[in-house]
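Participant: Attaching a predicted model along with its sequence, questions to come.
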2 protein chains.
Amino acid sequence: MVQKEIARRGRPRSYDPQVALTKALDAFWEAGYAATSLDDLSRATGMNRPSLYAAFGDKGAIYRKALEHYWADTRSAIAIALDERRPLREALQDFYDRAIEIYRSGNGRGCFMVGTALTEALRNPKLRADLHGSLHGLIRVVTSRIALAQSRGEIDAKADAAELAIIAVAVLDFLAIQARVGTERKALKATADAALNTICGPRPQQKRRKAQARS
Amino acid sequence: MVQKEIARRGRPRSYDPQVALTKALDAFWEAGYAATSLDDLSRATGMNRPSLYAAFGDKGAIYRKALEHYWADTRSAIAIALDERRPLREALQDFYDRAIEIYRSGNGRGCFMVGTALTEALRNPKLRADLHGSLHGLIRVVTSRIALAQSRGEIDAKADAAELAIIAVAVLDFLAIQARVGTERKALKATADAALNTICGPRPQQKRRKAQARS
DNA sequence: TGTTATTTGTACCGTATCGCATAAAATTGC
DNA sequence: GCAATTTTATGCGATACGGTACAAATAACA
């Protein structure tokens, strides 16, 4: 995975493009697309504006690359969490646990797509279509994962897998919303539990308290 | 409800503050807070900037007033939809139908709070706390409405009302997200049906198709 | 008719913004 | 060491931004 070290000709870069992109992502994630200036990005990455421009393009291009970076990470995390070798309940539990940790990072910044891209979507048809496709794809993945669990007899075979998947993804996005309005971890766990109990049925062995209506 | 016509002293206003505020709301709703300039607001309302400032204050104050206006409308719509005199399923159906119409308005702009306020929440503690409070309040209202239906024997009394309310509100916000990424009405209806069937149980009499995984 | 009160419209100020032009710096190849 | 190459750093230029000062406009009041 390490890039071969080819002796490059001119002055060497003083930044790592990958970490710089991550810093740019953080800046956008915090303030949103429109409220993040090139100076903010310059400060966040440690690069000056011309370097930023040479490396990633204009502000829109930086944002698109940051979004692609985020989405690639997200996809791989989802694939790991929903691993078919584990029971559905365990998979979904991991799915939500990972989401909660990400969404609570950075003072509870939530999901990058829900928190920043969604706002821009209305005036950016390409972005809008990409978000639509991502969401649709996620629902399809979760649907087939739930259908698999049904075929294994883990959950009620008469249930509608597509409907349960919609619930599952809706709760995922709801965690993002709750996190960004400052909801603490305990309440986020309760939200995830609501999804787990609804989709997989109430947990059998362990004791269950009634969920508090804290948000 | 008509204001008494008191003879005001100077030059009369050439705008109606209520409709101007609604136009400002529309502008923010479309582009988000940061991307909406005072010139945009001036264009949208037909007022020039000094009039705008005199009427509502600076940009932040205009936004706060627009948000309060939106939330007041939303609260009353929710109260009507969840009317205790109807069965829960009918109430929730109306709840989601109203949401879908609002969220699909303006080329699918979604929910004002999810689509614009959420982005700003991270850097605006007061706004964040308000959003948190609103969300929490909504969950509490829905929880007690579901508990009422349980006490009437409409749905399973052993279910956890608070958990079902979380699902209900999560799906509401999911409708907002789906609408803003361009999801068409049919798929939004399918999302709402997923919530209805999950919370109230599958509809008994009418024919049911399996939900497509369209988003 | 003149005074007072209120709103409108134009124009302006200081600052921030985006993108780029240009020069200085740092490295490799010869 | 010298030319070629690539990146960094400073700074510029045109525009956009939020907010306000000021005068013209329009009404009630006396």
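Facilitator: Ah, there it is.
Participant: Could you tell me the phi and psi values at the closest residue to A:G201 other than its chain neighbours?
Facilitator: Leaving aside its sequence neighbours, A:G201 sits nearest to A:I155 (Cβ to Cβ, 6 or more residues apart in numbering or on different chains; 6.5 Å). The C-beta positions use only the backbone N, C-alpha and C, and glycine is treated the same way. Torsion angles at A:I155 (phi, psi; degrees, to the nearest 10) stand at phi -130, psi 170.
Participant: can you tell me if the lowest-mean-pLDDT helix or strand in chain A touches DNA strand D.
Facilitator: Least confident element among the helices and strands of chain A, by mean pLDDT, DSSP states H and E: helix A:49-56 (a mean of 93). Yes. Judged by Cβ under 7 Å from any atom of the strand, helix A:49-56 and DNA strand D are in contact via A:49-51, A:54-55.
Participant: Give the buried subset of those as a ChimeraX selection command.
Facilitator: The ChimeraX command for the buried members of the residues of helix A:49-56 next to DNA strand D (criterion: 16 or more other Cβ atoms under 10 Å in any protein chain shown) is given here:
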select /A:51,55
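Participant: which parts of chain A sit against DNA strand C?
Facilitator: So chain A meets DNA strand C at A:7-12, A:36-40, A:49-50, A:53, A:58-60 (Cβ under 7 Å from any atom of the strand).
Participant: Restricted to strands, list those.
Facilitator: Members of the residues of chain A next to DNA strand C lying in strands (criterion: DSSP state E): none.
Participant: To what extent is the residue in chain A positioned nearest to DNA strand D buried, counted in neighbours?
Facilitator: Sorted by distance to DNA strand D under Cβ to the nearest atom of the strand, the residues of chain A start with A:G10, at 2.1 Å. Here the number of neighbours of A:G10 (other Cβ atoms under 10 Å in any protein chain shown) works out to 5.
Participant: do the same with A:E84
Facilitator: 12.
Participant: What distance do you get for it to A:A66?
Facilitator: Distance of A:E84 to A:A66, computed by Cβ to Cβ, to the nearest Å: 31 Å.
Participant: could you point out which element follows the longest helix along chain A?
Facilitator: The longest helix of chain A (DSSP state H) is helix A:125-151. The helix or strand immediately downstream of helix A:125-151 is helix A:161-180, counting by DSSP states H and E.
Participant: angle of that following helix against helix B:161-180?
Facilitator: Relative orientation of helix A:161-180 and helix B:161-180, computed by axes from the mean of the first three to the mean of the last three Cα atoms, to 10 degrees: 90 degrees.
Participant: Narrow the residues of chain A next to DNA strand C to just the buried residues.
Facilitator: A:36, A:59.
Participant: Counting only helices, which of the residues of chain A next to DNA strand C make the cut?
Facilitator: Using DSSP H, the residues of chain A next to DNA strand C in helices are A:38-40, A:49-50, A:53, A:59-60.
Participant: near DNA strand D, which residues of chain A?
Facilitator: So chain A meets DNA strand D at A:8-15, A:47-51, A:54-55 (Cβ under 7 Å from any atom of the strand).
Participant: Kindly recompute the last result at 10 Å.
Facilitator: Contacts of chain A with DNA strand D, taken as Cβ under 10 Å from any atom of the strand, map to A:8-17, A:20, A:34, A:38, A:42, A:45-55.
Participant: Show me the subset of those residues that also lies near chain B.
Facilitator: A:A34 (Cβ under 8 Å from any Cβ of the partner chain).
Participant: what helix or strand does the residue lying closest to A:Y33 once chain neighbours are set aside sit in?
Facilitator: Counting by Cβ to Cβ, 6+ apart, A:Y33 lies nearest to A:E120, which is 5.1 Å off, once chain neighbours are set aside. Here A:E120, judged by DSSP H and E, is contained in helix A:118-121.
Participant: give me phi/psi at A:Y33?
Facilitator: phi -70, psi -50.
Participant: same thing with the one 4 residues further on?
Facilitator: Backbone geometry at A:S37, expressed as degrees, to the nearest 10, gives phi -90, psi 170.
Participant: which ones are touching it?
Facilitator: Listed by Cβ atoms under 8 Å, 6 or more residues apart in numbering or on different chains, A:S37 has no contact partners.
Participant: what about it, distance to B:A117?
Facilitator: 21 Å.
Participant: cool, A:G46 as well?
Facilitator: For A:G46, the distance to B:A117 - Cβ to Cβ - is 31 Å.
Participant: now swap in A:T74 and tell me
Facilitator: From A:T74 to B:A117 the distance is 23 Å (Cβ to Cβ).
Participant: With A:D97 instead?
Facilitator: From A:D97 to B:A117 the distance is 27 Å (Cβ to Cβ).
Participant: Give me the more crowded residue out of those two.
Facilitator: Neighbour tally, A:D97 and B:A117, criterion other Cβ under 10 Å: the higher count belongs to B:A117, 28 against 14.
Participant: Surely the more buried one touches B:H132?
Facilitator: No. Judged on Cβ atoms under 8 Å, B:A117 makes no contact with B:H132 at a distance of 11.1 Å.
Participant: For the closest residue to A:A157 other than its chain neighbours, grab the count of nearby residues.
Facilitator: Excluding its sequence neighbours, the residue lying closest to A:A157 (Cβ to Cβ, 6+ apart) is A:Q150, at 4.9 Å. For A:Q150, the count of nearby residues is 17 (other Cβ under 10 Å).
Participant: what do you get for A:A44?
Facilitator: Neighbour tally, A:A44, other Cβ under 10 Å: 19.
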